[in-house]
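Student: Let's see this in three dimensions:
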Amino acid sequence: MKKMNSTRCSRLVALLVVATLALSAVVPAAAFSTSDSGVPSDAAVEEEVSATLTVTELYENYEEWTLHGETELTGVTWKVVQYDQAGNKIGEASNAYDGQSFNQSVSIDSDASKIEVKVTGTVPEVENFTYADQQTFELATLDQVRQGGNTEAIASWTPKYHTDASKEARSAISDAEAAIEDAPSGADTSEAESDLDSAITAYNGENFDLAVELADKATEKANTAAKKAEQSKQQSQLLMYGGIAVVLLLLVGGGVYWYRSQQGNTSKLK
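Tutor: Residues are numbered from 1 along each chain as shown. Below is the predicted model of the structure:
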């Protein structure tokens, strides 16, 4: 019995040692702080955009590494500026890049404590349109690359994007959805919902003119159904009020008749 307990204890110690070694081999995740300015929430295709991305807390993991940046913008220029703790620029003239990616060496020996990355380029074409989940593009992704190939993600900026036609269609479909949702209880919006589904199908097929046309029809039918439901409700209320009035008149009339009959009976008794 004692031998069994000793064996179990030995196995437990071995497992703890293995777990400790495994944990000590894990490279900690990059602990950067980032901020940005000029990043659009929704950009138009072929629009030129420019954004500034700031990275601080540069040496949480490594004292020397490479800042790697990528983008889906076209006609791209990057301007990478490093600042020391006093806010002075370090080596600004040599930190300009063209193309959809760049690599910038970062070293604690340079006294850099902050890096600003300004990316400028043209919003790319949308590959596939889906109404349910508006597409996004990679404005910029920044990674920390350690010598030997070890890479940690720093941050990624992925705004939505659109064409003028897709934006108009999306707005029309959104209006139709709101009209159907706002229709009162009891409104028959089945035709409007059918047109809305067809409009979304047309949008996903990149037939934006048809999507707008169908969405406008859906909105019109939803509003018509809402008016009919409201009119029906008003008519029901009028009928109800009329019925109440008739009952009240009958009650009043019956009361008057009863009162007069009682008065007549009193006179005969006299």
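Student: Isn't T56 up against A112?
Tutor: No: using CB atoms under 8 Å, T56 is not in contact with A112, being 10.1 Å away. Just so you know, the C-beta spots here come from the backbone N, C-alpha and C atoms, and that holds for glycine as well.
Student: ranges for the strands of the stretch 1-150 of the chain?
Tutor: For the stretch 1-150 of the chain, strands defined by DSSP state E, counting those that start in this stretch occupy the ranges 33-37, 42-44, 48-56, 64-70, 74-84, 89-90, 96-98, 101-107, 112-122, 140-145.
Student: Could you tell me the least trusted of these?
Tutor: Least confident of these, judged by mean pLDDT, is strand 89-90 with a mean of 89.
Student: Within the sheet, what are the partner strands of that strand, with directions?
Tutor: Strand pairing for strand 89-90, determined by DSSP bridges: strand 74-84 (antiparallel).
Student: what does the strand it pairs with rub up against?
Tutor: By CB atoms under 8 Å, 6 or more residues apart in numbering, the surrounding residues in contact with strand 74-84 are 67, 69, 89-92, 95-100, 102, 104, 106, 110-122, 124.
Student: Buried residues in that strand, which are they?
Tutor: For strand 74-84, burial by neighbour count (16 or more other CB atoms under 10 Å) applies to 76, 78-83.
Student: swap in stretch 46-62?
Tutor: Residues of stretch 46-62 classed as buried: 49, 51-55, 58, 61-62 (neighbour count, 16+ other CB under 10 Å).
Student: With stretch 97-114 instead?
Tutor: For stretch 97-114, using 16+ other CB under 10 Å, the buried residues are 97, 100, 102, 104, 106, 112-114.
Student: Just the terminal-to-terminal distance for that stretch.
Tutor: 18 Å (CA to CA, to the nearest Å).
Student: got it, and stretch 138-155?
Tutor: End to end - CA to CA - stretch 138-155 spans 11 Å.
Student: chain center to it: distance?
Tutor: 25 Å (CA atoms, centre = their mean, to the nearest Å).
Student: Distance-wise, check K160 relative to T136.
Tutor: Counting by CB to CB, to the nearest Å, the gap from K160 to T136 is 5 Å.
Student: Can you tell me the closest non-neighbouring residue to A132?
Tutor: Residue nearest to A132 in three dimensions, not counting chain neighbours: I200, with 7.7 Å by CB to CB, 6 or more residues apart in numbering.
Student: scratch that, S198 is what I was asking about
Tutor: L214 (4.9 Å).
Student: Equivalent analysis for S50, please.
Tutor: T120 (4.2 Å).
Student: who touches that neighbour in this structure?
Tutor: By CB under 8 Å, 6+ apart, the neighbours of T120 are 48-50, 73, 76-79.
Student: Can you spell out which residues form a bridge with it?
Tutor: S50, T77.
Student: ok, it to E168 distance?
Tutor: Counting by CB to CB - T120 and E168 are separated by 27 Å.
Student: go on, S33?
Tutor: Distance from S33 to E168, by CB to CB: 39 Å.
Student: Which of those two has more residues huddled nearby?
Tutor: E168 (16 against 13; other CB atoms under 10 Å).
Student: Just say helix, strand or coil for the more buried one.
Tutor: helix (DSSP: H, G, I helix; E, B strand; the rest coil).
Student: so it touches V212, yeah?
Tutor: Yes: with contact defined as CB under 8 Å, E168 counts as touching V212 (5.9 Å).
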